[in-house]
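**Q** Fold the following for me, if possible:
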Amino acid sequence: MGKKNENGNYIVSFDTFMLQPVIKGNKISTNVVERNGEFSVPRKPIHIVRKSCDFYGGSLQNSTNTAKLALGKRHKTPIIVAHDFGVPYIFLPTMSPASEQNVWISYSAIENIEQDNMDSIIHLENNRSFKVNISAATMYRQYAVATLLEKNFLKKQRQLNRPSVFEEFEDYNDTEDDD
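**A** Have a look, this model is predicted:
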């Protein structure tokens, strides 16, 4: 489960599948959909995403900039909130992240996307389905862009783990003795 505390803060985890805004009057809260349940958090979805990025050692701005470097300038760029043992946790927005109606969906939790008139029905891996205010074509595009972001991340991970071109470091130790 994600990390919660008494004052309404929530930090996403790999069990977080969706952050849906709930608008009542002039208040916005978030319906958090997790692998094993749902609950409400008295914060905006963007607040939860921002705090989660901060918690995991980054920032929403850095995650957005990194995604834009990998994917080019795109509107509604999916982001990597965090990663664990080389597995990225990617969230994709259904609208502009600044929009109060934006829904954040975990890329890895999506099982299927279905057209429903001008909207989409998102089928999640926990056998739950949710209607979102985004066309299926746009949602498929968001999913494809998230796939490209994941591929770019994994390519960078392989680069980090590549073998060194240097086989011996004997000269390194020799130069320290000259001092």
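**Q** pull the longest helix from this protein.
**A** Counting residues, the longest helix found in the chain (DSSP state H) is helix 136-160.
**Q** What helices and strands are in contact with that helix?
**A** Helices and strands touching helix 136-160, by 3 or more C-beta pairs under 8 Å, 6 or more residues apart in numbering; DSSP states H and E, are helix 60-71, strand 79-84, strand 87-93, strand 110-116, strand 119-124. Where you see a C-beta, it was placed from the backbone N, CA and C, and this is true even at glycine.
**Q** List the strands paired with the third one, with their directions.
**A** Strand partners for strand 87-93, identified by DSSP bridges, are recorded as strand 79-84 (antiparallel), strand 104-106 (antiparallel).
**Q** Which of those has the lowest mean pLDDT?
**A** Mean pLDDT per stretch puts strand 79-84 lowest among the strands paired with strand 87-93, at a mean of 87.
**Q** Would you pull up how far that strand lies from the middle of the chain?
**A** In terms of C-alpha atoms, centre = their mean, to the nearest Å, the centre of strand 79-84 is set 6 Å apart from its chain centre.
**Q** Residues contacting that strand, please?
**A** 12, 14, 49, 52-53, 56-58, 60, 63-64, 66-67, 88-91, 149, 153 (C-beta atoms under 8 Å, 6 or more residues apart in numbering).
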